[in-house]
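Colleague: got a predicted model here, sequence first, then my questions.
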Amino acid sequence: MTGKQAPGGYLVEARDVIRSFGQTQALRGAGLTVAAGEILAVMGPSGSGKSTLLHCLAGILTPDSGEIWFNGCRIDTLSETERSALRRDHFGFVFQFGQLVPELTAEENVALPLLLAGARRAQALAAARPWFGRLGLDGLEGRRSGELSGGEAQRVALARGLVTKPQVLFADEPTGSLDSLTGENVMNLLTVAARESRTTVILVTHEPRVAAYADREVIVRDGKVNSLIPAPGPAAAS
Amino acid sequence: MSVPLTLLGLLEREPSHGYDLKRDYDTYFGRGKPLPFGQVYATLGRLARDGKVIAGQAEPGAGPDRKRYVITEAGATEFETWLAEPVEPEPHLQTVLFAKVVLALMLGRNAGRYLDTQRAEHLRRMRELTDLKHSGNLIDAMLADHGLFHLEADLRWIDQTAARLDALAKVVRP
């Protein structure tokens, strides 16, 4: 990973990103800056391009044109292998449906990113365990995903997203499959945990009550980002 | 809903008689509660006294009032300020939000930008209530929830309206 310093010195930045799927242009010159430690909500109607933007920022998709920067490095020009390593080492993910591995116990699911990164099994499970107390999941370590409620499964997925102590947690509609009280519980745990560990969070949601947990919001409309509140300067956020 | 500011907005479009103002007010903003003529003229009288409109000479013809009213610089400034600023977020705002959107479209202003500003203001208030919910007791949390659900309803309306501005513009600017 080489490259000049990210313009502005933000932790995550998208510059003039264009991304199409076939004939459909999902992003049409999207730009965004995120300061270290910020919790940012990315809002917008269905089909506005907000999930595509998240996938580009996380190095899952590469833009057709434009630039994606992370921590001073341009990441859209990296190889798939390098981006995969970047995601594993620096990013965490939570999706709408927890997407736990059904054959594994809750504890093994949480430990999975550490195991995939080469940690020894005992070491990975030891690192996973404290998350169960922290997220109100005590006693559920040995359950498989089919034996968990929706809220429990989503909290396990959140623990899995945070267990590697990522610099950035990407969350795509993390409460979308939950009822509102359970969803708020997950959002509260997510934001408290992220603030404690100074993890930057980029949260895609169409729900205002979920976005209200973030520090600020941007709106994606017609593939462009409308940001009324600017990101705090990197100095202020560090 | 502010009658004086709405009338100023209608006058910003073009100088008008009291009758025209009442007709347009009832069409767009009355919704089952027409503005009484007495209130139209009383309001215009106060606006004239405060230097926000000027009443022209009475024109010849039948009818109770044949004066044409023109907005002044002071009136236009007050109206523009009101139009651009977001409303303090609280439940049951739809009449004010709606009036601002319709007047902005009628006058060819950027209604989308107004809605964006209002959305940001609503979300700012929702963040305050969310903080209160997690720092206060259960009673605070339940009161905060009541506010949050109502503000969310407003926001859904704001989003739907933003998606329909082109169609609405055709209705209010025939």
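Modeller: Done, it's in.
Colleague: can you give me the strands in chain A?
Modeller: Secondary structure of chain A (DSSP state E): strands located at A:12-21, A:24-34, A:39-43, A:65-70, A:73-74, A:91-94, A:168-172, A:200-204, A:216-221, A:224-226.
Colleague: same question for chain B.
Modeller: In chain B, the segments counted as strands under DSSP E are B:16-17, B:53-55, B:68-71.
Colleague: measure the residue sitting furthest away from the middle of chain B to A:N185 for me?
Modeller: Here chain B reaches farthest from its C-alpha mean at B:N137, the gap being 36.5 Å by Cα atoms, centre = their mean. B:N137 sits at a distance of 17 Å from A:N185 (criterion: Cβ to Cβ, to the nearest Å). Heads up, the C-betas are built off the backbone N, CA and C, glycines and all.
Colleague: same check on B:G9?
Modeller: 45 Å.
Colleague: contact partners for the residue of chain A found nearest chain B?
Modeller: Nearest residue of chain A to chain B, counting by Cβ to the nearest Cβ: A:A212, 3.8 Å away. Residues near A:A212 by Cβ atoms under 8 Å, 6 or more residues apart in numbering or on different chains: B:L123, B:M126, B:R127, B:L129, B:T130, B:L148.
Colleague: so what's the second one up against?
Modeller: Going back to what we said before, that points to B:M126. Counting by Cβ under 8 Å, 6+ apart, B:M126 makes contact with A:P208, A:R209, A:A211, A:A212, B:P89, B:L148, B:L151, B:E152.
Colleague: adding pLDDT and distance to A:L228, write the residues you listed out as a markdown table.
Modeller: Shown next, in a markdown table, are the contacts of B:M126 (pLDDT from 0 to 100; distance: Cβ to Cβ, whole Å):
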| residue | pLDDT | distance to A:L228 |
| --- | --- | --- |
| A:P208 | 93 | 14 |
| A:R209 | 93 | 19 |
| A:A211 | 95 | 13 |
| A:A212 | 95 | 15 |
| B:P89 | 76 | 15 |
| B:L148 | 93 | 20 |
| B:L151 | 92 | 17 |
| B:E152 | 92 | 18 |
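Colleague: find the centremost residue of chain A, please.
Modeller: Closest residue to the average C-alpha location of chain A: A:F170 at 0.6 Å, with Cα atoms, centre = their mean.
Colleague: neighbours of the closest residue to that one other than its chain neighbours, just the number please.
Modeller: Excluding the flanking residues, the one nearest A:F170 by Cβ to Cβ, 6 or more residues apart in numbering or on different chains is A:A58, at 4.7 Å. A:A58: 24 surrounding residues under other Cβ atoms under 10 Å in any protein chain shown.
Colleague: contacts only, for A:A58.
Modeller: Counted by Cβ under 8 Å, 6+ apart, A:A58 has contacts A:R87, A:F91, A:F93, A:V168, A:F170, A:I202.
Colleague: same thing but at 7 Å, please
Modeller: Each residue near A:A58 by Cβ atoms under 7 Å, 6 or more residues apart in numbering or on different chains is listed here: A:R87, A:F91, A:F170.
Colleague: hey, what's the last one bridged with?
Modeller: Same thing as A:F170. Beta-bridge pairing of A:F170 under DSSP bridges involves A:F93, A:I202.
Colleague: that one and A:H55 touch, don't they?
Modeller: No. Contact criterion Cβ atoms under 7 Å: A:F170 and A:H55 do not qualify, at 8.5 Å.
Colleague: any idea how far whatever residue of chain B ends up closest to chain A lies from A:D222?
Modeller: With Cβ to the nearest Cβ as the measure, B:M126 is the residue of chain B nearest to chain A, at 3.8 Å. With the distance defined as Cβ to Cβ, B:M126 ends up 24 Å from A:D222.
Colleague: please apply the same query to A:M187.
Modeller: A:M187 sits 27 Å away from A:D222 when distances are taken as Cβ to Cβ.
Colleague: again, but for B:S16
Modeller: For B:S16, the distance to A:D222 - Cβ to Cβ - is 37 Å.
Colleague: more neighbours, those two?
Modeller: Taking other Cβ under 10 Å, B:S16 and A:D222 do not tie; B:S16 has more neighbours (20 against 14).
Colleague: so for residue 115, what's the nearest residue that isn't a sequence neighbour?
Modeller: All of this is about chain A. The shortest distance from A:L115 to any non-neighbouring residue, by Cβ to Cβ, 6+ apart, is to A:A124 (5.0 Å).
Colleague: wrong one, I was asking about chain B
Modeller: Spatial nearest neighbour of B:L115, excluding adjacent residues (Cβ to Cβ, 6+ apart): B:A162 at 4.9 Å.
Colleague: please look at that neighbour and B:R113 and confirm they touch.
Modeller: No. Taking Cβ under 7 Å as the definition, B:A162 is not a contact partner of B:R113, at 10.3 Å.
Colleague: would you mind telling me which of these two has more residues around it?
Modeller: B:A162 (19 against 13).
Colleague: and the gap between the more buried one and B:G108?
Modeller: 17 Å.
Colleague: out of the strands of chain B, which is closest to A:A30?
Modeller: Nearest to A:A30, of all those, is strand B:68-71, at 41.0 Å by Cβ to Cβ.
Colleague: elements contacting the closest one?
Modeller: If you count contacts as 3 or more Cβ pairs under 7 Å, 6 or more residues apart in numbering or on different chains; DSSP states H and E, strand B:68-71 packs onto helix B:3-13, strand B:16-17, strand B:53-55.
Colleague: quick check: residues of chain A near chain B?
Modeller: Neighbours of chain B within chain A, by Cβ under 7 Å from any Cβ of the partner chain: A:P45, A:N188, A:P208, A:R209, A:A211, A:A212, A:Y213, A:E217, A:N226, A:L228, A:I229.
Colleague: which among those residues end up buried?
Modeller: Buried by 16 or more other Cβ atoms under 10 Å in any protein chain shown: A:P45, A:P208, A:R209, A:A211, A:A212, A:Y213, A:E217, A:N226, A:L228, out of these.
Colleague: can these go into TSV with extra columns for distance to A:A193?
Modeller: Converted to TSV, these look like this (distance: Cβ to Cβ, whole Å):
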residue	distance to A:A193
A:P45	29
A:P208	22
A:R209	19
A:A211	18
A:A212	18
A:Y213	12
A:E217	20
A:N226	29
A:L228	27
